[in-house]
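Trainee: build me a structure from this.
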Amino acid sequence: MSARPSISGDGRLVAYQDGQAEDVFVWDRTDGASSGPIEGSSKAATLVQLSKDGRKVVYLSGSDTYVHDVSTGTDQLVPNVRGVAIDPTGRYPLYVPHDTSGPSLTLRDLETGTDEIVSTQPASAGTDAVSAGGRDVAFQSTADDIVPGDTNGKSDVFLHHFY
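Mentor: Numbering: from 1, shown residues only. Below you'll find the model as predicted:
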C-alpha cells in the first residue's frame with residue numbers, strides 16, 4: 001500500500017512510502033527501476049519530500065531526519081528534529097526542533113552545516129514551503145507578535161526572506 005508520494009519537477013522520479021512496511025522507495029519512471037528501502041532494511045521511515053531536482057529525499061526515522069542523496073545512496077543525518085520540507089535544489093531542509101524551548105522552524109544549509117531561524121514563535125509549514133536556494137520560507141502561525149499590529153488572533157501566512 002503506497003502512501004505519501006512526492007514527484008521530481010521533471011516527473012522522472014517518484015519517492016513514495018510503503019504504508020505497511022514503513023519503508024521509503026524511489027521509483028525511476030523512465031526505466032522502471034525502484035530503489036529502496038532507502039533507509040535500510042532494519043528501520044522504519046516516513047517520507048517527507050523529494051526535492052524538485054530529484055537528487056534528495058527527506059525522510060524521518062525515529063527522532064531524527066535524514067536527507068538521502070539519490071545518486072550516491074548516502075544519508076546525511078539531521079539529529080533530533082522533524083523535517084518538514086526541502087528546497088527544490090535539495091540543499092536546504094526545513095525542520096522543527098524537538099526541543100520546544102528554542103525556535104519553532106529552522107532552515108539548515110547542508111553544505112555548510114549552518115542553521116537559520118525562520119520563526120521563534122509557534123509556527124508550521126508544509127512541503128514546498130522553501131524556495132530554490134533557501135532564500136524564502138512560507139509558513140503559518142497564530143502568534144500575534146510576528147508582525148507589529150497583528151491582533152486578529154487568526155492563523156496568518158508569513159514569508160521569511162533570507163539574504
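Trainee: from here on, contacts and neighbour counts on C-alpha atoms
Mentor: Fine.
Trainee: so where is the protein shaky, pLDDT-wise?
Mentor: Within the chain, the ranges that satisfy pLDDT under 70 run 1-2.
Trainee: how about the helices in it?
Mentor: Assigned by DSSP state H, the helices in the chain number zero.
Trainee: for burial, what's the neighbour tally of residue 114?
Mentor: For residue 114, the count of nearby residues is 9 (other CA atoms under 10 Å).
Trainee: quick check: it touching residue 92?
Mentor: No. Shown here, residue 114 and residue 92 do not form a contact pair, counting by CA atoms under 8 Å, at 10.0 Å.
Trainee: between those two, which contacts overlap?
Mentor: residue 108 (CA atoms under 8 Å, 6 or more residues apart in numbering).
Trainee: contacts only, for residue 97.
Mentor: With contacts defined as CA under 8 Å, 6+ apart, the neighbours of residue 97 are 80, 81, 82, 103, 104, 105, 106.
Trainee: identify the bridge partners of it.
Mentor: Judged by DSSP bridges, the bridge partners of residue 97 are residue 81.
Trainee: what is the nearest of the contacts of residue 97 to residue 123?
Mentor: Of all these, residue 123 sits closest to residue 104, with 6.0 Å by CA to CA.
Trainee: any idea how far that closest one is from residue 3?
Mentor: Distance of residue 104 to residue 3, computed by CA to CA, to the nearest Å: 27 Å.
Trainee: what about those two, which has more around it?
Mentor: residue 104 (19 against 15).
Trainee: these two touch, right, the more buried one and residue 123?
Mentor: Yes. With contact defined as CA under 8 Å, residue 104 and residue 123 form a contacting pair (6.0 Å).
Trainee: could you measure from residue 97 over to residue 43?
Mentor: From residue 97 over to residue 43 the distance is 21 Å, taken as CA to CA.
Trainee: equivalent analysis for residue 70, please.
Mentor: To residue 43, residue 70 is 18 Å away according to CA to CA.
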